[in-house]
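Q: Next one to model:
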Amino acid sequence: MVCLDSIGYGYRGCVQFQQLQYFVAVAETRHFTRAADVVHVAQPSLSQQIKALERELGADLFLRARGNITLTDAGEALLPLARRILADADTARHEVLELVQLRSGRIRLGATPSLCTGLLPDVLRAFHDRYPGIRLLIEEGGSHDLVRELARGALDLALVVLPLPTPSPALTTVELLREDLVVVSSPEATAPGRGRTVRISDLEGERLVMFRHGYDLRELTVAACRAEGFEPDFAVEGGEMDAVLGFVRAGLGVAVVPRMVATKSGRGLRVTPLARPGLHRTIALAHRSDVAPPRAARELQRMLLER
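A: From the prediction side, this is the model:
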């Protein structure tokens, strides 16, 4: 049984865990037969359990029209809570299955693409060498997306860029490092600015290779250009880190990227530091405040903080 304090309709009581699984399956597939296939149960049994759940809650969860299943207001209120309960139960199950010496288990780690390229490979290699039985599940995304995935219990840890787009007391963040940004360009192209460093103002009139919307580096670079009184000019926009570096190597323009990425992926690129005060970003480890990360995730967290 799972006890619910409230789903916004004054309900306080307990429901069966299995009923929540069936409810989420129907909510995600919007189809009772497909949902039954997902949870490996006969469709009549699933329908009976959904009806029993609705009776227990005292509210309909679905509007049932021929060929069209939609959530009611009560269903919309229950869905995020049910997903979190199921995610927490899954995490608990994996933690219980971990052996004392961390010979088995998993870690669900979120990180921005630039951190997957720059910071993580060496750390994950060291972790894997020490704990080869731990499965590493990596999800790439922007900080906003990773915060949302943490909040709903889909990740154990996430490497995010501070400040968070939507600060939340439900998350705990620990500052990991402060990283300089640099300008990368094709060796064949004329480097922006004059001398060994580039000022942000030198980027005025330069054709920039720019990341997609929602990418932390895009927002930081555009804000820095506007602070200098100009709008950046994009030659190409919309890529992830590997695509941006490839476009720069091809001579399509210049880009502002983290120093770590430029150092590891700098082949075929000219790397120029930004003049003081330059641009920086702060990287932090985040996890939910109400649930301790699994044991394996805590060990990876320790290795990241001690790197």
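Q: C-alpha only now, for contacts and for neighbours.
A: Noted.
Q: Walk me through the domains of this structure.
A: Split into domains by automatic domain parsing, the chain comes to 2-95, 99-176+283-306, 178-282.
Q: any idea how far the last one is from the chain center?
A: If you compare the mean C-alpha spot of domain 178-282 with that of the full chain, they lie 23 Å apart, counting by Cα atoms, centre = their mean, to the nearest Å.
Q: State the mean pLDDT of it.
A: Taken as a whole, domain 178-282 carries a mean pLDDT of 90.
Q: How about the shortest one?
A: Looking at domain 2-95 alone, the average pLDDT works out to 85.
Q: and Phe23, what helix or strand is that in?
A: Assigned by DSSP states H and E, Phe23 falls within helix 17-29.
Q: Now the element after that helix, going C-ward?
A: helix 32-39.
Q: Can you point out the buried residues in the helix or strand that that following helix is followed by?
A: Using DSSP H and E, the next helix or strand after helix 32-39 towards the C-terminus is helix 43-57. Buried residues in helix 43-57, defined by neighbour count with 16 or more other Cα atoms under 10 Å: Gln43, Leu46, Ser47, Gln49, Ile50, Lys51, Leu53, Glu54, Leu57.
Q: Remind me what the helix holding Phe23 packs against, helices and strands.
A: Secondary-structure packing of helix 17-29 (3 or more Cα pairs under 8 Å, 6 or more residues apart in numbering; DSSP states H and E): helix 32-39, helix 43-57, helix 73-97.
Q: Quick one: residues in contact with the first one.
A: This points to helix 32-39. Helix 32-39 is touched from outside by Gln21, Tyr22, Ala25, Val26, Thr29, Ala42, Gln43, Leu46, Ser47, with contacts defined as Cα atoms under 8 Å, 6 or more residues apart in numbering.
Q: and if we set it to 7 Å?
A: Tyr22, Ala25, Val26, Thr29, Ala42, Gln43, Leu46 (Cα atoms under 7 Å, 6 or more residues apart in numbering).
Q: Then the last one?
A: Applying Cα under 7 Å, 6+ apart, the external contacts of helix 73-97 come out as 7-8, 20, 24, 59-62, 105, 152-154, 294-295.
Q: Same list, the residues you listed, but as TSV with secondary structure and neighbour count please.
A: What follows is the contacts of helix 73-97, written out as TSV (DSSP: H, G, I helix; E, B strand; the rest coil; neighbours: other Cα atoms under 10 Å):
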residue	secondary structure	neighbour count
Ile7	coil	18
Gly8	coil	11
Leu20	helix	22
Val24	helix	19
Ala59	coil	16
Asp60	coil	17
Leu61	coil	24
Phe62	strand	22
Gly105	strand	22
Arg152	coil	18
Gly153	coil	22
Ala154	coil	21
Pro294	coil	20
Arg295	helix	19
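Q: which one of these is nearest Met303?
A: Arg295 (12.7 Å; Cα to Cα).
Q: any idea how far Leu279 is from that closest one?
A: Taking Cα to Cα, to the nearest Å as the measure, Arg295 falls 36 Å from Leu279.
Q: what do you get for Val26?
A: In terms of Cα to Cα, Val26 sits 47 Å off from Leu279.
Q: So for the two, which sits in the more crowded spot?
A: Using other Cα atoms under 10 Å as the criterion, Val26 and Leu279 rank with Val26 on top: 25 against 20.
Q: Could you find the closest non-adjacent residue to the more buried one?
A: With Cα to Cα, 6 or more residues apart in numbering as the criterion, Val26 has its nearest non-adjacent residue at 5.1 Å, and that residue is Ala35.
Q: ok, so what distance separates that neighbour from Asp90?
A: Ala35 is 19 Å from Asp90, by Cα to Cα.
Q: When these two are compared, which one has more neighbours?
A: Taking other Cα under 10 Å, Ala35 and Asp90 do not tie; Ala35 has more neighbours (24 against 13).
Q: And the strands in the stretch 101-250 of the chain?
A: 105-111, 134-140, 157-162, 171-185, 207-211, 233-239 (DSSP state E, counting those that start in this stretch).
Q: So which of the ones you listed is nearest Arg302?
A: Closest to Arg302 of those, according to Cα to Cα: strand 171-185, at 10.7 Å.
Q: so how far is that closest one off the chain centroid?
A: Worked out by Cα atoms, centre = their mean, strand 171-185 lies 16 Å from the chain centre.
Q: mind listing what that strand pairs with, with the direction of each?
A: Strand pairing for strand 171-185, using DSSP bridges, gives strand 255-258 (antiparallel), strand 270-273 (antiparallel), strand 280-288 (antiparallel).
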